[in-house]
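Engineer: Give me the fold of what follows.
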Amino acid sequence: MNHKKNLYITIVLIAGIFLMINLLSTEVHFRLDLTQGGQYTLSRSTRDLLNELHDPVTVKAYFSKNLPPNIGKARKDFHDLLIEYAAKAPGMIQYSFVDPNASEDVEQEAQQKGIRPVLIDVREKDQVQQQKAYLGAVLSLGDKQEVLPVIQPGAAMEYALSTAIKKLSVTQKPVVGIVQGQGEPAPAELGQLMQQLDILYQPQPVALTDSTDLPPNVRTLVIIRPVDSLRPRVLERLDSFMARGGRLMIAFNRVQGNLQMGQAHSVNGSMADWLAKKGLLVGNNAIIDAQCGTVPVQQRAGFFTLQANVQLPYLPMISSFADHAVTGGLENVILEFPSSLRYIGPASLRYTPLAFTSAISDTQSAPVYIDVNKRWKQNDFHSSRLPVAGALEGPIVSGGAFTRLVVITDGNFIINGSQQQGGRELTPDNVNLVSNAIDWLSDNTGLIALRTKAVTSRPLRETSDATKALIKYFNFLAPMLLAIGYGLYRARRNRWIRYKRMNEQFTANA
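Structural biologist: So this is what the prediction gives:
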């Protein structure tokens, strides 16, 4: 009887412990993050941002319910993220969730605030139907608002949320100068870059001419694909800007390719000479890489003409990066006719090559003649890991202040083009590379890691039917076997205890 009583007491105690844990979990928020990259751990920059808030931020999330699991996960992830934010800044993050599909008034409110509905495919009774879903949020701070129109499943949610909060809370954005005057693209032709920079900065066109001084409020200057040769007086102004501590990013073409003409020729000799005086040698060549992008080509097939995508080694796909703030989190950047880059300057300056070609690559000296139909072989490439971008820091101008310089040997990779020309959609990491460079130059590296911190899709490996059956029966039988095993252990242990007590009583009576 005592043994049964002890068993009942043990069961009650265990149940009580689990009940207390559940009650405490509603009051105390704790998460053990075992994901690769710390997906659910707030970054230092986010924690600092939350600590600097003086007024509460209100987040109203418009999320539809009863969504497919792969879409509905976005709601759960966003909700969990808001819990983390609220826990790190008590009273400063207030949030609520509403379902626009439940009420016409709420749906109209969501649309008026800029939350766009998306159509998703839902399978019901072996039929695929389209369902209107909302996956957005509106952040408010005083009379200011920021809208997250669509929060994609697997997106970099912390970056979107933190930058929205920073945009609400910042009082004055730093100015980033976008150089004009040497044939550079207008800001309207840099749509994706301007949209991303506008979150944290105030992009401002800056005329760089023989007679115009650079504005004193510009600390970071960006030069993208100058077409005209830079005159000596213009280059002197760049030296003066850097001598007083100004930061500079240059993305320019040493070789300009033209697929329609079938050739690539040398350009921007003055810029190359100016960089060479600082120890940065940009080769008068075009990189070729077996790991590359494609171009559409018309091909004959009998009586028909078909369009096929053909790999073109002059469009290297860069996936090898240095461990540096400028390249943090990048995966793939597609360049167009970049050139090689190397440093031969003084060791007193700190030089970091940032991005490299693949293990199967090479260079071709300009001028280059292009045959899009050429069948490339491995023995056409004799080099590997050629740098195409670099960062230099220190007193770059003799006698000047500490400064930073980033050089990318391609100026076309970041240009969308004008809307009249139809524009083009850039690879996200093309934009992230330039945005990261500007953040680093501006000493604003806090949110670089967040920009590329997204949930990576890692599909499960295919499993054979036999393995699936084994796992199924193991999951079914294992708990029962453990329970039976524990019961046998308890019975044997109790029998041993009774036997021991009987021996002790027998010894005592004797």
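Engineer: residues contacting Q256?
Structural biologist: Q256 makes contact with A264, H265, S266, V267, F337 under the criterion Cβ atoms under 8 Å, 6 or more residues apart in numbering. Glycine gets a C-beta too; all of them are placed from N, C-alpha and C.
Engineer: Not counting sequence-adjacent ones, nearest residue to the last one?
Structural biologist: Right, the one you point to is F337. Nearest residue to F337, sequence neighbours excluded (Cβ to Cβ, 6 or more residues apart in numbering): G257, at 3.8 Å.
Engineer: Which residues does the one you found form beta bridges with?
Structural biologist: Under DSSP bridges, the beta-bridge partners of G257 are A264.
Engineer: I'd say it and A286 touch.
Structural biologist: Yes - G257 is in contact with A286 according to Cβ atoms under 8 Å; the separation is 6.8 Å.
Engineer: Determine the longest helix present in this structure.
Structural biologist: Longest helix of the chain, by residue count under DSSP state H: helix 465-509.
Engineer: State the distance from Y95 to N70.
Structural biologist: Here the criterion is Cβ to Cβ, to the nearest Å. By it, Y95 lies 23 Å from N70.
Engineer: The two: which has the busier surroundings?
Structural biologist: Y95 (18 against 11; other Cβ atoms under 10 Å).
Engineer: And the pLDDT for that one?
Structural biologist: On pLDDT, Y95 comes in at 95.
Engineer: Just say helix, strand or coil for it.
Structural biologist: strand (DSSP: H, G, I helix; E, B strand; the rest coil).
Engineer: For the closest residue to it other than its chain neighbours, give me phi and psi.
Structural biologist: Counting by Cβ to Cβ, 6+ apart, V59 is the residue found nearest to Y95 once chain neighbours are left out, at 4.1 Å. Backbone torsions of V59, given as degrees, to the nearest 10, read phi -120, psi 120.
Engineer: Can you give me the distance of V59 to Q145?
Structural biologist: 11 Å.
Engineer: Can I take it that A87 is in a helix?
Structural biologist: Yes - checked against three-state DSSP, A87 lies within a helix.
Engineer: Let me know how buried it is, in neighbour terms.
Structural biologist: By other Cβ under 10 Å, the burial measure for A87, its neighbour count, is 15.
Engineer: What of the one 4 residues further on?
Structural biologist: Neighbourhood size, G91 [other Cβ under 10 Å]: 8.
Engineer: On the strand side of things, show who the residue nearest to Y95 bridges to.
Structural biologist: Assigned bridge partners for V59, using DSSP bridges, are Y95, L139.
Engineer: L141 is in contact with that one, correct?
Structural biologist: No - using Cβ under 8 Å, V59 is not in contact with L141; the gap is 10.2 Å.
Engineer: Who's the closest spatial neighbour of R233, skipping the chain neighbours?
Structural biologist: D210 (4.2 Å).
Engineer: V59 and L141: which is more packed in?
Structural biologist: V59 (23 against 18).
Engineer: Pull the contacting residues for the more buried one.
Structural biologist: L82, I93, Q94, Y95, S96, A137, V138, L139, S140, L161.
Engineer: Which one of these is nearest to G394?
Structural biologist: Of all the contacts of V59, G394 sits closest to L161, with 36.1 Å by Cβ to Cβ.
Engineer: and the closest one, helix, strand or coil?
Structural biologist: helix.
Engineer: ok, it - contacts?
Structural biologist: V59, L81, L82, Y85, L139, L148.
Engineer: now, which of those sits nearest P205?
Structural biologist: When the contacts of L161 are compared against P205 (criterion: Cβ to Cβ), the nearest one is L148, at 28.4 Å.
Engineer: Can you tell me the closest non-neighbouring residue to the closest one?
Structural biologist: A137 (4.7 Å).
Engineer: doesn't Q145 make contact with the one you found?
Structural biologist: No - counting by Cβ under 8 Å, A137 stays clear of Q145, with 10.7 Å between them.
Engineer: who's more crowded, those two?
Structural biologist: Neighbour count, other Cβ under 10 Å: between A137 and Q145, A137 has more, with 27 against 15.
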